[in-house]
Structure formats: structure tokens, C-alpha cells
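Peer 1: Pasting the sequence and the predicted model now:
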Amino acid sequence: TTLKDSKEKEGCPGSSLLKDLIPLGPEESAMEVVLKKIQELSDSDQRDPFMVADLGVLASRHQAFCQALPRVSPFYAVKCNSSPWVLRVLAALGTGFDCASQVELEQVLGLGVAPSRIIYAHPCKPISHLQYAARHGVQLLTFDSEGELTKVAQHHPGARLVLRLWTEDSKSTFPLSAKFGASLELCGHLLKSARDLGLAVVGASFHVGSDCQDPHSFAQAIADCRRVFEMGRGVGHDMSLLDIGGGFPGVEGSEPEFEEMARVINAALAQDFPEGAGIEVIAEPGRFYAASVCVAAVNIIAKKAVLQPGGHRKLLYYLNDGHYGTFRDLLGEPYPRMPIVVKELCSKPPLFPCILYGPTCDAFDTFFNEEVQLPELDVGDWLIFPSMGAYSSVMSSTFNGFLPASICYIMGPELSFCKWFFPSINLAAASTQPRPEESFSICGLKRFLPRHLRRRN
Ligand code: PLP
């Protein structure tokens with residue numbers, strides 16, 4: 001029995017999320033599947049929250065990453081969205097994987113991925129997880145402290161170690177440097193300690209913080225890694241691996257654009273780690289791959305109107321998914337995300353300041369730190385949130401007895417080359433899928449739809 005099996009038996013949330021995989025017609029989009037499902041559910045009182053995950057989008061994100069960063073091999077960060085379908089598609093596409101724990105290692109190894117395609121990229125590992133990595137041949141490990149070196153020397157002496165550097169991450173939505181990363185001043189000492197313990201350090205890594213807004217954070221960190229490479233070589237390590245971590249933007253259309261970030265990274269690599277010097281460059285993208293894969297649909301279960309000074313109305317909408325479910329990540333974001341309203345409305349409906357609450361009894365269970373402007377809606381109406389595939393279902397809890405949103409996976413014919421991975425799926429049936437009827441209009445906010453969610457024709 002694996003640790004993952006036993007956790008699932010204990011009822012670990014997320015263990016039963018895997019639902020059917022629906023083949024998609026060539027002209028169908030994820031948004032149409034969402035609208036069709038909303039229509040089905042709206043005929044009943046069972047209006048539970050759900051997500052639709054388009055695995056074709058995952059493949060196109062992979063393509064975009066490889067095109068923009070041709071020297072960089074992606075090791076997808078499993079923590080971001082560890083759905084078995086997501087991992088299977090990425091394994092079939094040939095990415096590597098960044099795992100943070102034994103369960104993640106089990107999940108990826110269980111798909112038949114070679115241990116050499118995995119980096120165990122958590123600088124502070126439990127001993128039992130470290131021993132698991134050693135037993136299963138996962139050799140690439142990150143570290144950022146003396147204590148971790150002592151543990152590795154005892155429990156995984158054959159490891160190929162990657163020293164994680166501290167980065168300046170104040171320009172990122174989710175900073176990480178208070179918790180992880182060795183300062184440049186400490187690196188020399190750590191590299192010597194590793195050598196004295198008989199351990200092999202093979203490279204350097206960093207993480208600029210998740211959802212990084214400033215490409216120059218990457219450039220600075222790459223320059224710092226060059227210094228670490230020089231220090232490492234100076235004490236006898238064979239430095240050959242540069243890991244530029246995650247932090248790439250997730251939501252399409254966000255600023256700065258990924259392509260701009262990639263240009264800065266490519267230039268920094270050319271300057272500090274020129275091609276032909278035998279350096280392998282990897283990255284650990286999470287958000288960039290997973291965010292736009294999922295569209296989330298939530299239903300209004302209660303509503304209140306409060307009068308503000310001046311007689312203005314403020315609307316409180318209580319939704320059946322929230323901070324303790326799919327939407328935990330949103331509170332950390334600097335701006336509220338505008339949902340798509342699924343309702344027939346006049347062309348320019350009046351908008352009201354609204355607060356979106358999740359379903360639990362906790363007052364902290366809100367979507368955003370500020371009000372959003374939405375039209376007047378009713379109990380039973382639906383809201384759609386695109387780009388909800390990153391740090392969403394993986395964070396879901398069953399707090400207050402509200403179950404995580406179910407997930408419906410869809411896959412277009414463009415992924416038929418992965419068929420050997422999905423033997424039970426009849427992709428030929430794709431074109432016979434009925435199209436959703438056009439009885440819903442997407443109120444005003446269509447411009448927030450990312451390109452891939454618009455109709456494909
Ligand atoms: N690698 C490590 C070590 C991380 O901690 C994280 C996120 O916390 C990632 C990669 C993925 O980052 P992102 O989703 O910003 O790409």
C-alpha cells in the first residue's frame with residue numbers, strides 16, 4: 001500500500017475527483033461544455049459547483065512554453081494541479097516533473113515516468129520521503145541548508161544535489177523567499193560542506209516567487225547562479241544543471257506577457273550560460289501550464305441586499321464554492337477576477353457593488369479582498385470563472401462538509417496521439433457529441449474570456 005493509497009482510504013480530499021473523460025468535437029470549446037452542463041443542472045435542484053478541464057489546452061501550453069524557451073526543459077510542478085489526467089497528458093508529452101513529497105513522487109513514478117525525469121524540488125524534506133526517493137532512484141534533490149545536507153548524507157548519499165538560491169521576489173504575487181533559498185554569502189560554505197560530506201552538487205536552482213511580474217527577477221537570479229557555478233567548480237563540484245524554477249504567469253493576457261518574460265530569460269541564459277558549454281537548463285512551471293486548463297462554474301445559493309449610506313444597494317452573493325474549495329488562491333491576487341455571468345440580461349444591465357462569499361460559516365470565506373461590480377442576480381444563477389486550473393482543486397478541503405467541486409475532463413482530437421495512454425477512450429465518438437443549445441447568453445463580460453475558451457471555429 002502506498003502512502004497515497006492510505007491517505008485516500010482516510011478520505012483525503014481530492015482522491016475521488018477523477019470523473020469521466022469526454023472526447024470533444026473539433027468545433028467544440030470548453031465553454032460550450034460548461035454551458036451545456038449548467039443547462040442540464042439547472043433543470044434540477046442539484047446545482048453543485050463543477051469544473052471543466054480541457055486537456056487540449058494543457059498541450060498547447062506545453063507547446064507555447066517549449067517554443068518560447070527552446071533551451072529549457074519543463075519539469076511540471078505537480079503541486080499546482082496533480083490531477084491524474086493532467087499528469088498523464090504531460091507524461092505522454094514528455095515533460096519532466098517537479099515533486100514536493102512522497103505522494104507526488106508515487107503519483108509520477110506510478111505513471112511509468114523514469115526517475116531521471118523527476119526533481120524532488122523541496123529544500124526541506126521529511127526523512128521518510130527522502131528515503132523513499134533514494135529507494136526509487138530519484139536522484140535530483142534541491143537543498144538550501146546545512147541541516148538538509150546532513151540528512152541527505154545519511155539517507156540518500158548518492159543524490160545529485162541542486163543548491164537553491166534566495167531570490168529577490170518582491171515583484172511576485174506569491175513570494176517564497178522568506179521560507180526558502182540560501183543567500184549568495186552562504187552558498188560557498190554550503191558547497192564546501194557538501195564536498196566534505198562526500199556529496200555531489202550538480203547545479204543551482206531558484207524560484208522567483210509564483211506569478212512573477214518582473215522578468216528581470218529571472219535575469220538577476222540567473223546571474224547569481226553563474227556565481228554559484230563558479231564557487232561550486234572552485235571546490236570541486238561538477239556543476240552542469242541550472243534550474244530556473246517556476247513563477248511564469250498563469251492567466252493568458254496577464255502582464256508582463258510570457259513571451260516578453262521568455263525573451264529576457266533567453267538573453268540572460270545566453271549571457272551567463274552560453275549554449276555549447278554543456279549546461280542542461282530545466283524549469284519547474286506550474287501555474288503557466290495548469291491555470292487556463294480549467295473553467296469553474298459556481299451557483300448562487302443565497303443573496304442579501306444591504307443599503308449603504310446614500311441609499312445605494314450593495315449585494316452579497318453566497319456561492320456554493322469558495323475559499324475553502326476551489327478559490328483559495330484568489331485572495332492572494334492583487335485584483336479581483338471578474339466572473340462571467342450566465343443569465344439573460346438587457347444589453348447594459350445596471351451594476352452594483354457586490355461581495356462574493358463562499359458557502360462555509362467562516363466570514364473569511366470570501367473570493368476577493370474588495371467588492372466587484374456585477375448585475376443583480378438571483379439564487380440559482382451561475383457564475384463562471386475561467387483560468388481556475390492552478391492551485392485550485394489541490395487546495396480544496398471539506399471544511400463545513402462542503403465537498404470539492406467535481407471535475408469533468410475533456411480532450412480534443414489534437415491529443416489523439418496520446419491514445420495509448422487512454423486505451424478506454426473512443427476518440428472517434430468525438431464528432432457525435434451533441435452541441436449545447438444556445439439558450440444562455442454570456443452577459444457583457446465576454447472580453448474576459450481567454451482566446452481558447454471562445455468558440456473554436
Ligand atoms: N517549484 C517550486 C519549488 C515551488 O515551490 C513552486 C510553487 O510554489 C513551483 C515550482 C511552481 O511555481 P509556479 O506555479 O509559480 O510556476
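Peer 2: Yep, that arrived. Quick caveat: nothing in here was measured; it's all calculated off a predicted structure.
Peer 1: how many neighbours does residue 202 have?
Peer 2: For residue 202, the neighbour count with other Cβ atoms under 10 Å is 18. No exception for glycine: its C-beta is placed from N, CA and C like everyone else's.
Peer 1: how many neighbours does the nearest residue to it once chain neighbours are set aside have?
Peer 2: Nearest residue to residue 202 in three dimensions, chain neighbours excluded: residue 160, at 4.5 Å (Cβ to Cβ, 6 or more residues apart in numbering). The number of residues packed near residue 160 is 19, by other Cβ under 10 Å.
Peer 1: residues touching residue 160, list them.
Peer 2: Applying Cβ atoms under 8 Å, 6 or more residues apart in numbering, we find residue 160 in contact with 139-141, 200, 202, 241.
Peer 1: just residue 202 next, same as before
Peer 2: Contacts for residue 202 (Cβ under 8 Å, 6+ apart) come out as 140, 160-162, 237-241.
Peer 1: For the residue in the stretch 101-250 of the chain positioned nearest to the ligand, what are phi and psi?
Peer 2: Residue nearest to the ligand within the stretch 101-250 of the chain (Cβ to the nearest ligand atom): residue 246, separated by 2.4 Å. Dihedral pair for residue 246: phi -110, psi -150, per degrees, to the nearest 10.
Peer 1: thinking again about what came up before, most neighbours, which of the contacts of residue 160?
Peer 2: residue 140 leads these on contacts (other Cβ under 10 Å) with 25 neighbours.
Peer 1: Who's the closest spatial neighbour of that one, skipping the chain neighbours?
Peer 2: In space, residue 140 is closest to residue 119, 4.2 Å off (Cβ to Cβ, 6+ apart).
Peer 1: Remind me which helix or strand that neighbour belongs to.
Peer 2: Secondary structure from DSSP states H and E places residue 119 in strand 118-120.
Peer 1: And the contacts of that strand?
Peer 2: Contacts of strand 118-120 (Cβ under 8 Å, 6+ apart): 75, 96-100, 105, 108-109, 129, 133, 138, 140-142, 162, 243, 282, 284.
Peer 1: Which ones among the residues you listed map onto helices?
Peer 2: Per DSSP state H, helices hold the following members of these: 105, 108-109, 129, 133.
Peer 1: nearest to residue 293, of those residues?
Peer 2: Set against residue 293, the nearest of the ones in helices among the contacts of strand 118-120 by Cβ to Cβ is residue 108 (17.8 Å).
Peer 1: Give the buried subset of the ones in helices among the contacts of strand 118-120 as a ChimeraX selection command.
Peer 2: A single ChimeraX command selects the buried members of the ones in helices among the contacts of strand 118-120 (16 or more other Cβ atoms under 10 Å):
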select :105,108,109,129,133
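Peer 1: tell me the mean pLDDT over stretch 403-422?
Peer 2: The pLDDT scores in stretch 403-422 average 74.
Peer 1: ok so, going back, so how far is the strand holding residue 119 off the chain centroid?
Peer 2: Per Cα atoms, centre = their mean, to the nearest Å, the displacement of strand 118-120 from the mean C-alpha position of its chain is 17 Å.
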